[in-house]
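Asker: 3D model of this:
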Amino acid sequence: MIVVRQTLFAAVRRAVMAALAVCLAGPLLAQQSLPPAPYANRQLDDPAQEEVAQELMASLRCLECQSQAIDDSDSSMAGDMRHQVRVRIAAGEDPESIRAWLMERYGDYVSYEPQVSATTWPLFAVPLLLLVGAGAIFWRRFGKRA
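Answerer: Here you go, the predicted model:
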């Protein structure tokens, strides 16, 4: 009986150790094995185009990082976005059309320069309504005393 209990305990212990090893090895398997995009870390040959690309990349948000611009981020997603920006700038595309394309592809969150749209208008309207409401309350409270 003791031998069976020890054998069962050893089998359970091996199963738990194997499950723990698989759980700890999971993040290693998730590492990206693809090389970075060609223009992720390489500048454009034309300094004027590179300056335009840098200005645009400073105004775009990395989707993986915590509110970090893609020109400062080391994530692979930011590298891919820098590559796309540089390739499109080199092709002669307008920076605002590149921003619009990225916003269409990734959503409004990607841009540090918010624009009023059907989904973002409450973000602009609610603070104004709160100010008007606070002003009305202030005026009703203290305006009649004068």
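Asker: how about the residue nearest the centre of the chain: what's its closest non-neighbour residue?
Answerer: Closest to where the C-alpha atoms of the chain average out (C-alpha atoms, centre = their mean) is Leu63, at 1.5 Å. Nearest non-adjacent residue to Leu63, counting by C-beta to C-beta, 6 or more residues apart in numbering: Met77, 5.5 Å away. (Glycine included, C-beta is placed from N, CA and C.)
Asker: what's in contact with whichever strand or helix holds the one you found?
Answerer: When elements are assigned from DSSP states H and E, Met77 belongs to helix 76-90. The contact list for helix 76-90 (C-beta atoms under 8 Å, 6 or more residues apart in numbering) reads 32, 34, 36-41, 43-44, 46, 49-50, 52-53, 56-57, 60, 62-65, 68, 70-71, 95, 98, 101-102.
Asker: hmm, 7 Å instead?
Answerer: When contacts are defined by C-beta atoms under 7 Å, 6 or more residues apart in numbering, helix 76-90 is touched by residues 32, 36-41, 44, 49, 52-53, 56-57, 60, 62-65, 70-71, 98.
Asker: after the longest helix anywhere in the chain comes which helix or strand?
Answerer: Scanning the chain for the longest helix, with DSSP state H as the assignment, gives helix 2-29. Per DSSP H and E, the first helix or strand lying C-terminal to helix 2-29 is helix 47-58.
Asker: now do that next one: distance to the chain's middle.
Answerer: 20 Å (C-alpha atoms, centre = their mean, to the nearest Å).
Asker: flag every buried residue along that helix.
Answerer: Along helix 47-58, these residues count as buried under the neighbour rule (16 or more other C-beta atoms under 10 Å): Gln49, Val52, Ala53, Gln54, Leu56, Met57.
Asker: can you add pLDDT and distance to Thr120 and give these back as CSV?
Answerer: Shown next, in CSV, are these (pLDDT from 0 to 100; distance: C-beta to C-beta, whole Å):
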residue, pLDDT, distance to Thr120
Gln49, 93, 30
Val52, 94, 26
Ala53, 94, 26
Gln54, 94, 26
Leu56, 94, 20
Met57, 94, 22
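Asker: which among the residues you listed gets closest to Gln6?
Answerer: Taking C-beta to C-beta as the measure, Met57 is the one of the buried residues of helix 47-58 closest to Gln6, at 62.5 Å.
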